[in-house]
Every structure is written in structure tokens, then in C-alpha cells.
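>>> how would this look folded up:
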Amino acid sequence: QVQLVESGGGLVQPGGSLRLSCAVSGITLEYYAVGWFRQAPGKEREGVSCHSSLDGTTYYADSVKGRFTISRDNAKSTVYLRMSSLKPEDTAVYYCNAFAMDTRSDYWGQGTQVTVSP
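Prediction:
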């Protein structure tokens, strides 16, 4: 059974930092592209960042460039999202995703709430 379990969300003041973690089990993480998505109330889910399993390239949404950093530890089967200089508009439920290009396998976590408020 494949499981992705996010943690590290919470309430933080504007300008603050958080590190989200996604513990992955049931698959060999090194064979999967990984990413973080978010969904704010009343809005569609959007991609925040992703990391390729093939060449290590990363993608960041324009809204988070320079503030967020995605990383992975394949040995620990964990994906991270370091978020700094947080803004109220970063408030959302953040979801972890693992995707395999060859099999089109696509797995999601249950999400973790991030709230940025004074």
C-alpha cells in the first residue's frame, strides 16, 4: 500500500518560515518525480514546486520563486518543502505528490494546512 503523509504545517506569522515533510512508503521514491501542490479555499489546486527523478531539475511557481525550496532524501524516502518569507496568500492546504512517467502511477498525500496570519 502506497502512503504519502505530510507534516509540518501550522500557523505562522507573515515573514516566517516552515518546513513541510512528506514521508513516502510503498514505492521506491528515487524512481518518482515529486511535487508539492496547494489549494486555498475557493480556489483550484495549483502546482507549487516539483523535482524530477531523471535529472534533478526543479520547477517553482512564479509566486514562490526565491522563497520556497523543494528537496528530497531518497534514502529516507522523504520529500521536503522549505518555505520562507511566507505571505498570507500562501495560506492553503499543501499536498505532496509522487508521479512516475513510465507507469503513469500518481499518488497523493492527505494534505497539511498552512496558515499565514498575524
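
>>> can we go C-alpha only for contacts and neighbour counts from here?
Fine.

>>> list the contacts for the residue nearest the centre of the chain?
The residue lying closest to the centre of the chain (C-alpha atoms, centre = their mean) is Trp36, at 2.6 Å. Taking C-alpha atoms under 8 Å, 6 or more residues apart in numbering, we find Trp36 in contact with Gly47, Val48, Ser49, Cys50, Leu81, Tyr94, Tyr95, Cys96, Asn97.

>>> switch the cut-off to 6 Å
Trp36 sits next to Val48, Ser49, Tyr95, Cys96 when contact means C-alpha atoms under 6 Å, 6 or more residues apart in numbering.

>>> In a strand, it, correct?
Yes: remark: Trp36 belongs to a strand, assigned using DSSP: H, G, I helix; E, B strand; the rest coil.

>>> On the pLDDT front, check it for me.
Per-residue pLDDT puts Trp36 at 98.

>>> gap between the residue lying closest to it once chain neighbours are set aside and Asp55?
Computed as C-alpha to C-alpha, 6 or more residues apart in numbering, the closest residue to Trp36 that is not its neighbour in sequence is Cys96, at 4.7 Å. With distances taken as C-alpha to C-alpha, to the nearest Å, Cys96 is found 20 Å from Asp55.

>>> who's more crowded, the two?
Cys96 (29 against 8; other C-alpha atoms under 10 Å).

>>> hang on, that one packs against Asp106?
No: between Cys96 and Asp106 there is no contact under C-alpha atoms under 6 Å: 10.7 Å.

>>> Would you quantify the distance from the residue nearest to the centre of the chain to Pro118?
Separation of Trp36 from Pro118 (C-alpha to C-alpha): 24 Å.
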